[in-house]
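Participant: Okay, here's the prediction I keep looking at, along with the sequence it came from:
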Amino acid sequence: MRLIISFAALFLSVVLLQLSSGSLGPLDALSGLALDFTRQEIGMLGSAHFLGFFIGCWWAPRLMGSVGHSRAFAAFTATGAIGLIAHMLIVDPIAWALMRIASGMCVAGCYTVVEAWLQAKVTNETRGRTMGVYRLIDMGGSLAAQLVIGVLEPASYVSYNLLAIVCCAALLPLTLTTIKQPETPNAPRLRPRLAAQRSPLAAAGVIVAALSSASFRMVGPIYGQEVGLSTPQIAWFMASFVLGGALAQYPVGWLADKYDRRWVLIWLSAAAMCSCAVTALSAGLGTYGIMITAGLFGLTTFPIYSVAAAHAHDFAESSERVELSAALMFYFALGAIAAPFTASALIDSFGPSALFGMIAVGHGGLILFGLARMRTRASPSKRTAYVYAPRTSFLIGRLTGRSRDRR
């Protein structure tokens, strides 16, 4: 408990960062609609965010090595705040895309600093409890961020200014903490081929996970407005997705530890296809029906990344865990960069249900690939522990690696 209290400054910074950055994606989508941006331009903003996220993941460890943890955190937070404030100064989709690259770099860079700090301070005895609290705080901040959308007016300088203030406030707890800064960790080598070599199915699984979550988070507000939801209702619609994903972690983790993880992935994808169909047809079910189906969508799609990651780690050595986690994050970033723009273009051409049609096709492909891989290779004789793996930074593998080795 004393250790967790000592991390209070880090955790508070994470919450404030989530409230600002997590609210930006839906707010940009609603603001873009209010400003008559095209659907493709709104999707481009989501793709730009994940491009910045990938750049931040790669650059952050190197910047920490040059200037230290606190200064790196301050630099990335300032980058995100500048991007937020500049939104209503330059109302142009290309300019906003550049700002979203800045926000993506801010998220990845700040999470890298926080996770490097945690990794340096925890021990094998405290790792599990600390990570449990960290995941709970991160998920809670993400859920609250979706609800914030309900009180922010789209295309308003005040709304973006409020988010910029919260982003700046994230600086205070971490930069003012009296905890001694840890040594700078070595940046993991980025070896995308490692994930494909250890488990092609896992690499495909994290791409499909990105297809689901990135397109829904960045383009979901367009769908919500198309089916007649008000801004506060869109906030609950987005929050239902996050809540469903949070509730799924324990039961899916139990299944992934008890049964062949390839079957778990296949059945999750089958359930995701069903939830896509139900969600696409939920416009006539009323507001509560739409919220329930969004929660069901999160329940079936959110855990896929963690199950795929656990399956990949089943075939890896302990010394490969950090680089394997980074490689999986790389594939997730690729899928997340492509998904929002593609989804928005499909919505523009075929209507709002095309969002879930695209996601369903992706999960159908994962089912077929999973069945094919089961004919190619047997299930591993020894399995690692299932771990909920946040998609936050390339350093997350340092925090989860030892937890996997305990089995």
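Facilitator: Good, I have the coordinates.
Participant: So, low pLDDT: which residues of the protein?
Facilitator: Scanning the chain for pLDDT under 70 picks out the ranges 1-6, 124, 178-188, 283-284, 381, 401-407.
Participant: quick one: the strands in it?
Facilitator: For the chain, none of the segments meets the definition of strands by DSSP state E.
Participant: any idea how far the nearest residue to L63 once chain neighbours are set aside lies from W263?
Facilitator: Distances taken as CB to CB, 6 or more residues apart in numbering place A72 nearest to L63, at 4.6 Å, with adjacent residues excluded. Glycine gets a C-beta too; all of them are placed from N, C-alpha and C. Using CB to CB, to the nearest Å, A72 is found at 42 Å from W263.
Participant: just L395 next, same as before
Facilitator: Counting by CB to CB, the gap between L395 and W263 amounts to 31 Å.
Participant: So between the two, which is more surrounded?
Facilitator: In terms of neighbours (other CB atoms under 10 Å), L395 is the more surrounded of L395 and W263; the figures are 28 against 15.
Participant: Give me the nearest residue to the more buried one, chain neighbours excluded.
Facilitator: If you skip the residues right next to it in sequence, L395 has E115 as its closest partner in space, 4.7 Å away by CB to CB, 6+ apart.
Participant: what's the burial count for that neighbour?
Facilitator: 26.
Participant: Distance-wise, check it relative to L163.
Facilitator: Spatial separation of E115 from L163 under the definition CB to CB is 23 Å.
Participant: Repeat that for Q233.
Facilitator: On the measure of CB to CB, Q233 and L163 end up 20 Å apart.
Participant: Kindly report the same for A372.
Facilitator: Relative to L163, and taking CB to CB, A372 is found at 45 Å.
Participant: Looking at those two, which is more packed in?
Facilitator: L163 (26 against 11).
Participant: List the contacts of the closest residue to that one other than its chain neighbours.
Facilitator: Nearest in space to L163, with sequence neighbours left out and distances taken as CB to CB, 6+ apart, is S20 at 4.6 Å. If a contact means CB atoms under 8 Å, 6 or more residues apart in numbering, then S20 has 80, 84, 145, 163-164, 166-167, 170 as its contacts.
Participant: Got a PyMOL select line for the buried ones in these?
Facilitator: Per 16 or more other CB atoms under 10 Å, the buried members of the contacts of S20 correspond to this PyMOL selection:
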select buried, resi 80+84+145+163+164+166+167+170
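Participant: which one of the contacts of S20 sits closest to G289?
Facilitator: A145 (24.0 Å; CB to CB).
Participant: what's the closest non-adjacent residue to that closest one?
Facilitator: G22 (2.9 Å).
Participant: can I assume that neighbour is in contact with S142?
Facilitator: Yes. Contact between G22 and S142 holds when scored by CB atoms under 8 Å: they sit 5.3 Å apart.
Participant: anything in contact with each of the two?
Facilitator: Joint contacts of G22 and S142 (CB under 8 Å, 6+ apart) do not exist.
Participant: Report the contact partners of T301.
Facilitator: Contacts for T301 were tallied using CB under 8 Å, 6+ apart; they are 209, 212-213, 216, 245, 268, 272, 275, 359, 363.
Participant: wait, what's in contact with A326?
Facilitator: Remark: with contacts taken as CB under 8 Å, 6+ apart, A326 is in contact with 57, 188-191, 394, 397.
Participant: Would you format those residues as a markdown table with neighbour count and distance to G65 included?
Facilitator: Formatted as a markdown table, those follow (neighbours: other CB atoms under 10 Å; distance: CB to CB, whole Å):
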| residue | neighbour count | distance to G65 |
| --- | --- | --- |
| C57 | 29 | 15 |
| P188 | 21 | 13 |
| R189 | 11 | 15 |
| L190 | 15 | 16 |
| R191 | 15 | 20 |
| F394 | 29 | 14 |
| G397 | 25 | 18 |
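Participant: which of those lies closest to S240?
Facilitator: The shortest distance between S240 and any of the contacts of A326, using CB to CB, involves C57 and amounts to 28.3 Å.
Participant: Would you confirm that that closest one contacts F394?
Facilitator: Yes. Under the criterion of CB under 8 Å, C57 makes contact with F394 at 4.7 Å.
Participant: Next, show the common contact partners of these two.
Facilitator: 112, 326, 329.
Participant: I'd guessed the first one sits against G56; true?
Facilitator: Yes. Applying CB under 8 Å as the test, T112 and G56 come out as touching, 7.2 Å apart.
Participant: Now G68. Its backbone dihedrals?
Facilitator: With angles defined as degrees, to the nearest 10, G68 sits at phi 100, psi 170.
Participant: how near is it to T177?
Facilitator: 13 Å.
Participant: ok, the residue nearest to A145 - contacts?
Facilitator: Contact analysis of G22 by CB under 8 Å, 6+ apart lists 141-142, 144-146, 148.
Participant: quick check, nearest of those to A48?
Facilitator: Comparing the contacts of G22 against A48 with CB to CB picks out A145 as the nearest, at 18.7 Å.
Participant: Please list all residues in contact with that closest one.
Facilitator: Here A145 is in contact with 18-23 (criterion: CB under 8 Å, 6+ apart).
Participant: could you redo the last one with a cut-off of 10 Å?
Facilitator: 15, 17-27, 163, 166, 235, 238-239, 242 (CB atoms under 10 Å, 6 or more residues apart in numbering).
Participant: To what extent is L33 buried, counted in neighbours?
Facilitator: Neighbour count for L33, taken as other CB under 10 Å: 18.
Participant: Verify the contact between it and I347 for me.
Facilitator: No. Contact status for L33 versus I347: not in contact, 11.4 Å apart, counting by CB atoms under 10 Å.
Participant: any shared contact partners between these two?
Facilitator: Taking CB under 10 Å, 6+ apart as the contact rule, L33 and I347 both touch 39, 42, 222, 226.
Participant: Please indicate which of those has the highest neighbour count?
Facilitator: When these are compared by neighbour count (other CB under 10 Å), I42 ends up highest, at 28 neighbours.
Participant: Relative to R100, how far out is that residue?
Facilitator: Taken as CB to CB, the spacing of I42 relative to R100 amounts to 11 Å.
Participant: taking the contacts of S20 one by one, which sit in helices?
Facilitator: Among the contacts of S20, DSSP state H puts 80, 84, 145, 163-164, 166-167 in helices.
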